[in-house]
Structures are given as structure tokens and as C-alpha cells.
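> predicted model and sequence below, questions to follow.
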Amino acid sequence: MQDLMNKLTTMLEKHLVPVMNKMANNRYFGAIRDSLIATMGLTIIGSLCLLIATFPFPQSYVEFIAANPELQSILMIPFNLSVSIISVYVAFGIGYYLSESYNLNKLVGGITALFTFLIMAGGINSSYLGAEGMFTAIIAAIFNVEVTRFCVAKNIAIKMPKAVPANIAGGFTALIPCTLSTLMTIVLIYFIGFDVNSILATVLTPIITLAGDSIFTALIYVILATLMWFAGLHPQVLASLLTPAWTIMSVANMNAYAAGMPATHIFVKPFFFTFVFIGGQCGTLALNFIMLKSKSKTHRDLAKLALPAGLFNINEPMLFGLPIVLNPTLIIPALIGQVTTVLTTWLAFASGIVPPMVNPEAALWNLPAPIAAAISTFSWQAVVLLFVNMLIQGLLYIPFYRIVEKDMVAKETAEIETN
């Protein structure tokens, strides 16, 4: 068994991690990821305002909001100026970070990328300023920056005297590239009639569905994440690769809910970080509670120290202190537990037993799971699902933990006898 685990660790370090790092460090993907991360504060504020404006219980609160439509309208303003026009911020962010990676003027890159996107999207009043236009924002920003990079490389720019301040000179330097990208965009969309928005949505929506909104992708993600933890490798790179899909689907769910439409996406971020990674990745909160009554004093002490952090989904004390990392005994229930709870969570949402996650951005990864489950779905059913998943993970951990516990008790007994 130990030889097998060593081979698995070596394989992950040699083959998987370099590929994942290469993908995560791709210039375009990095700009998209960093832009989406930069909008996190806005989406959190917007989701919290949506939560306050539409919270469905108690009935007295619902009636109060219904009797004060002006208050509800005010509460919805931050949502409408954040989540509902998220692609505006993303376009600027991608232009900014991609320009930075090319050592171009990043502020000008962000502004001109936003300008190009607004032209592609059809203007300020367009319906493509929200999640529907995310792909357009990505394409517009990349296109604009690449035109700028081409012009700079070919020395196609208005040259200003050295005495002119850099911020002013930068604006003139960007004038020709911005004019070119603007003309090309206008000709392509408004004269040739190339509907970039609908084409991107038609072509890329199935790709996003395959990439992020799929039970198979979810299973692959949790399996790889668990195996990477076993090897002592942080799987953040995997989450980074899926973050664009999670964000697009989260925003789509929230916009649908705000418009009175059904939310259709299941595999948004809280699916994993609330309902599967309970107490942190590998689902260790149930094990933490089990260890509070352990026969091993060492494990009891560890459980007491780890529990406060575990309640907020921070479980490095368990992963490295117990440990689960490089532990062939405990990685088995960790892996089975993650796969099982992915399936139970998917079935619960897909069947309609648990209402959809209409406000997923409000469920921060380090929010205690019961709270995150309730506010992401506005339902008590989600909290029940959470405890069912936690029970499953605990039952799977118990027989394997008893083996580890027995060994630790034997060591503690031997130390006492030696002393």
C-alpha cells in the first residue's frame, strides 16, 4: 500500500501539477482569473444586498419588504450596479491585467478594453452587460490588447516629445490602436452584421456547461483535489481553473432569481465549498467532532485546537496535524466521502428536493457551512442536506479513524511506560 501511495504522489508531482500550473499561468487565463477575483468584492456586496432585499422568511419580514417597495428598490441598487453589469468590470480588468503582462500601459489598456466591449455589446443599455456578455467581454478585452501590442511592436503610434508627462503620452500612444480596434469592431458588427454576442453564447455556452456545470467535471475535481492533498500539494490551482465557470454560472443564477426566472446552474462554488468540503477540503469537520471523544489524548487535544478553525472551513491543522496528508489509511474515507457527497448534493439539487442556489456569491468559502447553505438557497432543505452529507462523511471516517486512533493510543501507552 505504501509503495502504491508513493507512486501516486510521484505521478501527481511529475505529470499533473506541471500541466495544471502551465494552464493556470497562461497569460490569457491569468488575466481572466485575476479580473474575476478583482470583482469578488462587488459581487459579494451585490449578493448581500440581494439577500436583504429578497430574504423569504420570516413572513413578517417578507410583508415588511413588500409594504416598502422603495426600500427594496434602494437595496437592489448595489446588486444592479455590480452583478447585473459584471461584464463591464471584467472587461476593464482583463484589459488591465493582460496589458500589464505585456508591459503595456495597464490603465489605458483597461479603459480601451472596456470601450471596445461596450461597442461589441451594443452600448450601455444592452442586455449583454451582465453574465450574458461575459464571453464578449473576454474576447473584446483580449482583441483590444492584442491590437495595441501589435501596434507597439510595429511602432505604429503617435510619438510625443519626452517633455510630455507619461500619463498624457500614454493616452496618445493608445490613440491609433484604440482607433483601429474600434473601426474593426464597428465594421465587423454593424456593417457586416456579425452578431458576436449570440454567436459566442451559442458556441461557448455548451463548452462552459461541459467544463463547469457537469457532474463528471465535479467528480474529477474533487478526486484530483483530494489526491493532491494526500500528496501534500495544495489544489488551489484546480479551483483557479474552474473559477471563471463558477463565476459566470453564479452571476447567471443571481440575475435569473432577481428577474423572477428559475436558476438553472448547480455546480457553482458553494456546491463544493459548502456542501462537500464541510470543514475544509477532504470534509474533515465530522472527523474533528469524532476526535473530540477519541481515546487518544493527542487526538483530543488536536481536535479542540482545530475545531474553531474547522467551523470556518480552515482545516490545515487536521490535514497536516493528524495527518491526512500522506496518510494511506485516512485518504480512503476522505476520497470516498468527497465523491459520495458530490453525488448526494447533485441528486438533491437536480431532483428539486433542495431549491437551487439563487445567491451563491453570498456563501463565502469560510462562512460556517449551515449559514452558507441557508443564504445561498434561501431554504432549510439545504441545511438538512448539509448535515446529511456531514453524517455520511463521519460514518465513512469512523472505521478508518479507529485504526489510526489505535496506533496513537499504543504509542502514548508506550511513552508512559517508558517514562
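Arrived safely.

> host element of Ile290?
Using DSSP states H and E, Ile290 sits within helix 285-291.

> how far off centre is the helix or strand that comes right after that helix?
Downstream of helix 285-291, the next assigned helix or strand under DSSP H and E is helix 297-310. Between the centre of helix 297-310 and the centre of its chain there are 29 Å (C-alpha atoms, centre = their mean, to the nearest Å).

> same deal with stretch 363-377?
14 Å.

> adjust the sequence numbering to begin at 28 for everything that follows.
Yep, numbering from 28; the last one is stretch 390-404 now.

> and it, end to end?
9 Å (C-alpha to C-alpha, to the nearest Å).

> surely Ile305 meets Val415?
No. Look at Ile305 against Val415 with C-beta atoms under 8 Å: they stay out of range, at 10.7 Å. Placement of C-beta: from N, CA and C, glycine included.

> what about the two, which has more around it?
For Ile305 and Val415, the more surrounded residue by other C-beta atoms under 10 Å is Ile305, and the numbers stand at 29 against 15.

> that one: what secondary structure?
Using DSSP: H, G, I helix; E, B strand; the rest coil, the structure places Ile305 in coil.

> list the residues that contact it.
312-313, 340, 368, 396, 413, 416-417, 420 (C-beta atoms under 8 Å, 6 or more residues apart in numbering).

> point out the least confident member of those residues, please.
Ranked by pLDDT, the contacts of Ile305 bottom out at Asn340 (92).

> burial count for it?
Count around Asn340 with other C-beta under 10 Å applied: 22.

> cool, and Leu362?
19.

> which one is Ile341 nearest to, not counting chain neighbours?
Gly307 (6.1 Å; C-beta to C-beta, 6 or more residues apart in numbering).

> err, Ser128, not the other one
Arg54 (5.1 Å).

> next: Tyr248.
Leu265 (5.9 Å).

> in terms of secondary structure, what does the strand or helix carrying Pro344 contact?
Per DSSP H and E: Pro344 is located in helix 343-348. Secondary-structure packing of helix 343-348 (3 or more C-beta pairs under 8 Å, 6 or more residues apart in numbering; DSSP states H and E): helix 324-337.

> residues contacting the residue nearest to Tyr248?
Here Leu265 is in contact with 47, 248, 251-252, 255 (C-beta under 8 Å, 6+ apart).

> where is pLDDT lowest across the residues you listed?
Scoring the contacts of Leu265 by pLDDT puts Met47 last, at 66.

> per-residue pLDDT, Ala266?
pLDDT at Ala266 comes out at 84.

> one more: the one 10 residues further on?
With respect to pLDDT, Met276 scores 89.

> what sits closest to it if chain neighbours are left out?
Using C-beta to C-beta, 6+ apart, the closest residue to Met276 is His292 (3.8 Å).

> SS state for that neighbour?
Applying three-state DSSP: His292 is coil.

> quick one: it and Ser277 touch, right?
Yes. The pair His292 / Ser277 is scored as a contact, 7.5 Å apart, by C-beta under 8 Å.

> more neighbours, the two?
Ser277 (28 against 24).

> tell me which helix or strand the more buried one sits in.
helix 263-285.

> what residues sit buried inside that helix?
264-285 (16 or more other C-beta atoms under 10 Å).

> with stretch 120-128 instead?
120-128.

> now, which of those residues lie within strands?
Among these, no member falls in strands (DSSP state E).

> redo those as JSON lines? Include pLDDT and distance to Ile216.
JSON lines is the format used below for the buried residues of stretch 120-128 (pLDDT from 0 to 100; distance: C-beta to C-beta, whole Å):
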{"residue": "Gly120", "pLDDT": "96", "distance to Ile216": "22"}
{"residue": "Ile121", "pLDDT": "95", "distance to Ile216": "19"}
{"residue": "Gly122", "pLDDT": "96", "distance to Ile216": "18"}
{"residue": "Tyr123", "pLDDT": "97", "distance to Ile216": "24"}
{"residue": "Tyr124", "pLDDT": "96", "distance to Ile216": "25"}
{"residue": "Leu125", "pLDDT": "96", "distance to Ile216": "21"}
{"residue": "Ser126", "pLDDT": "95", "distance to Ile216": "23"}
{"residue": "Glu127", "pLDDT": "95", "distance to Ile216": "27"}
{"residue": "Ser128", "pLDDT": "94", "distance to Ile216": "27"}
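
> what about the helices in the stretch 328-446 of the chain?
Applying DSSP state H, counting those that start in this stretch to the stretch 328-446 of the chain gives helices spanning 343-348, 358-378, 396-404, 408-445.

> which one, of these, ends up nearest to Ser74?
For these, the distance to Ser74 is smallest for helix 396-404, at 8.6 Å, taking C-beta to C-beta.

> give me the contact list for that closest one.
Contacts for helix 396-404 (C-beta under 8 Å, 6+ apart): 78, 297, 300-302, 305-306, 312, 340, 381-387, 389-391, 407, 409-410, 412-414, 417.

> buried subset of the residues you listed, written for PyMOL?
Buried subset of those, written as a PyMOL selection, criterion 16+ other C-beta under 10 Å:
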select buried, resi 78+297+300+301+302+305+306+312+340+381+382+383+384+385+386+387+389+390+391+409+410+412+413+417
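
> low-confidence stretches in the stretch 128-277 of the chain?
190-191, 193-194, 196-198, 228, 231-238 (pLDDT under 70).

> can you pull out the helices in it?
133-148, 161-180, 193-200, 202-213, 223-238, 242-257, 263-285.

> nearest to Tyr155, out of those?
Per C-beta to C-beta, nearest to Tyr155 of these: helix 133-148, 4.1 Å.

> what helices or strands is the closest one leaning on?
Using 3+ C-beta pairs under 8 Å, 6+ apart, helix 133-148 sits against helix 113-128, helix 161-180, helix 193-200, helix 202-213, helix 223-238.
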